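Trainee: okay, predicted coordinates and the sequence, questions at the end:
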Number of protein chains: 2
Amino acid sequence: MTALRLDIEYDGAAFLGWAEQPGERSVEGVLRDALDVVFRSRPAIRVAGRTDSGVHASGQVASIVVPDGLAEAEPVRLRRSLAGLLPQDVAVRNVTVMPDGFDARGDATSRVYDYRLLVGPPSPLRRHRTLRHLGRQLDRAALDACAAMAVGQHDFRAFTPTETNHTFFHRTMIECAWRDDGDEWVLRLEANAFLRHMVRVLVGTMLECGRGRRDTESFRALLEGAPRSDAGITAPPHGLTLVAVRY
Amino acid sequence: MTALRLDIEYDGAAFLGWAEQPGERSVEGVLRDALDVVFRSRPAIRVAGRTDSGVHASGQVASIVVPDGLAEAEPVRLRRSLAGLLPQDVAVRNVTVMPDGFDARGDATSRVYDYRLLVGPPSPLRRHRTLRHLGRQLDRAALDACAAMAVGQHDFRAFTPTETNHTFFHRTMIECAWRDDGDEWVLRLEANAFLRHMVRVLVGTMLECGRGRRDTESFRALLEGAPRSDAGITAPPHGLTLVAVRY
């Protein structure tokens, strides 16, 4: 058998997230339908980041295992076949033959996300990719302080829905920092793994600190196993993009 | 009277261009409707670049003249009022009080456009802003050679529809050069003014040279008053953005 790595980009707006769900349009679903046409079988798809509804990806990674020697699996050919089969809002941008046993999910050492916040006037050309900050001035120093606190190993259960089926809530945040990009502030987060909604609740809670509605020092306590109800709102998905997976 | 400069951004996809036309959705039309609500009058709008249907702008400039001393014309207030009135695909990002007699169209010394060409695999997140090059390999050296030829004063009549109502076809190209931006090649064009469709026909013709379907040296003759039928196709509008106006 041959393991193939698929590098995938998608516009999350019209997908109910990565994961296939009955009767819903998912990235996994449309990819599986296309693979089904190419291989006349439905290979299991392993994915590094199970993104939420409305979240984008420029650097998603998935893997499939197919029988050895299939002409359809030749990387350039497979990429072109998929380009002709996939809808315009998802693309397999690269196909790579990997060593035996490669697993896009299990072998990933970290995932990298960007959350984009527009701090200037409305931008029609970026409205689908960036959350526009409304209301009063944001305190950038408070946002920076929160981001710095999030680095390291923490119990992030305050940042995921209580009905989630996670059983282990510790994750290691490798990078968490705001940077400037023109009139946007971009939060770059890299962690070994993320809980469901974790980035969006982190951002929503940081924004409450940035608006002065929540004490910045109290953010630290949320990182040590506080209940979900102590943290802030879930920021909208359209500001979030999975930008890379590291192996 | 007070002259106001409006810095405007729009996503051109759902507009039949800048210019108001009966029964059609235009940027000028929706802006005029919003100004009508604010000022209870329909001030004349002067604009630097009359963009075509489907063309975007991140740096469009328009001007209006309003009576002195109107509270509604205070720049921050006007910007906020318009933000509440305009649809999501157009925004007035800045309002500036200008010296008497300022005219966004007549005072502009040059207009700057970018045409974005994706030379890598399909990119769902950029599909509304970038033309994806399909088909055989593009010869970048040919594209660079064409762009260099276009710099200077030329008779650009080959690059505008014959039914246009221009009477003078000489324009001065100040900059015309391809640059790399990741897996995109971006043509930056700055000229004192542009003819209707001029950027798009320049790009369409350059692409024919880049594909080897047209001799690059023959491009030079097109710049000296050749008929429209000698030039190439009109490239699609969605790759084109008006990025700046210089005064």
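Mentor: Yes, it's here.

Trainee: use CA for all of it now, contacts and neighbours both
Mentor: Noted.

Trainee: who in chain A is up against chain B?
Mentor: Proximity of chain A to chain B (C-alpha under 8 Å from any C-alpha of the partner chain) is limited to residues A:9-11, A:58, A:83, A:88-94, A:121-125, A:127.

Trainee: mind redoing it with 7 Å?
Mentor: With C-alpha under 7 Å from any C-alpha of the partner chain as the criterion, chain A meets chain B at residues A:9-11, A:88-91, A:93, A:121-125.

Trainee: farthest pair in these?
Mentor: A:93 and A:121 (33.0 Å; C-alpha to C-alpha).

Trainee: and these two? Which one has more around it.
Mentor: More crowded of residue A:93 and residue A:121, by other C-alpha atoms under 10 Å in any protein chain shown: residue A:93, with 20 against 17.

Trainee: what sits against that one?
Mentor: For residue A:93, the contact set (C-alpha atoms under 7 Å, 6 or more residues apart in numbering or on different chains) comprises A:7, A:8, A:9, A:79, B:121, B:122.

Trainee: the nearest residue to residue A:85 once chain neighbours are set aside - how many residues pack around it?
Mentor: Residue nearest to residue A:85 in three dimensions, not counting chain neighbours: residue A:34, with 5.7 Å by C-alpha to C-alpha, 6 or more residues apart in numbering or on different chains. Neighbourhood size, residue A:34 [other C-alpha under 10 Å]: 20.

Trainee: PyMOL command for the buried members of the contacts of residue A:93?
Mentor: Under the burial definition 16 or more other C-alpha atoms under 10 Å in any protein chain shown, those of the contacts of residue A:93 that qualify are selected in PyMOL by:
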select buried, (chain A and resi 7+8+9+79) or (chain B and resi 121+122)
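
Trainee: inside strands: which ones of the contacts of residue A:93?
Mentor: Cross-referencing those against strands under DSSP state E gives A:7, A:8, A:9.

Trainee: and chain A, what are its domains?
Mentor: Split into domains by automatic domain parsing, chain A comes to A:2-98, A:110-246.

Trainee: what's the end-to-end length of the first one?
Mentor: In other words, domain A:2-98. 7 Å (C-alpha to C-alpha, to the nearest Å).

Trainee: which among the contacts of residue A:93 gets closest to residue B:195?
Mentor: residue B:122 (30.8 Å).

Trainee: hey, where'd the strands end up in chain A?
Mentor: Using DSSP E, strands in chain A cover A:2-10, A:46-47, A:56-66, A:90-98, A:110-118, A:131-132, A:152-155, A:170-181, A:184-191, A:240-246.

Trainee: want to throw the ones you listed into TSV with mean pLDDT?
Mentor: What follows is the strands of chain A, written out as TSV (pLDDT from 0 to 100):
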stretch	mean pLDDT
strand A:2-10	97
strand A:46-47	98
strand A:56-66	97
strand A:90-98	98
strand A:110-118	98
strand A:131-132	96
strand A:152-155	98
strand A:170-181	98
strand A:184-191	98
strand A:240-246	98
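
Trainee: low-confidence stretches in chain A?
Mentor: For chain A, the stretches with pLDDT under 70 are A:135-136.

Trainee: and if we set it to 90?
Mentor: In the predicted model, chain A carries pLDDT under 90 at residues A:21-22, A:41-43, A:133-137, A:162-167.

Trainee: let's check: the centremost residue of it is which one?
Mentor: The centre of chain A sits closest to residue A:242, judged by C-alpha atoms, centre = their mean, with a distance of 3.7 Å.

Trainee: relative to residue A:97, how far out is the residue of chain A most remote from its centre?
Mentor: Distance from the C-alpha centroid of chain A peaks at residue A:69, with 33.0 Å (C-alpha atoms, centre = their mean). Separation of residue A:69 from residue A:97 (C-alpha to C-alpha) stands at 12 Å.

Trainee: counting neighbours, what do you get for the spatially closest residue to residue A:191 that is not a sequence neighbour?
Mentor: Nearest non-adjacent residue to residue A:191, counting by C-alpha to C-alpha, 6+ apart: residue A:173, 4.2 Å away. Residues lying near residue A:173 (other C-alpha under 10 Å) number 22.

Trainee: one more: residue A:107?
Mentor: Neighbours of residue A:107 using other C-alpha under 10 Å come to 13.

Trainee: again with the one 4 residues further on
Mentor: Residues lying near residue A:111 (other C-alpha under 10 Å) number 24.

Trainee: how about residue A:189?
Mentor: That count, for residue A:189 with other C-alpha under 10 Å as the rule, works out to 24.

Trainee: tell me the contacts of residue A:15?
Mentor: Counted by C-alpha under 7 Å, 6+ apart, residue A:15 has contacts A:25, A:26, A:27, A:53, A:54.

Trainee: hmm, try it at 6 Å
Mentor: By C-alpha atoms under 6 Å, 6 or more residues apart in numbering or on different chains, the contact list for residue A:15 reads A:25, A:26, A:53.

Trainee: burial count for residue A:59?
Mentor: Count around residue A:59 with other C-alpha under 10 Å applied: 23.
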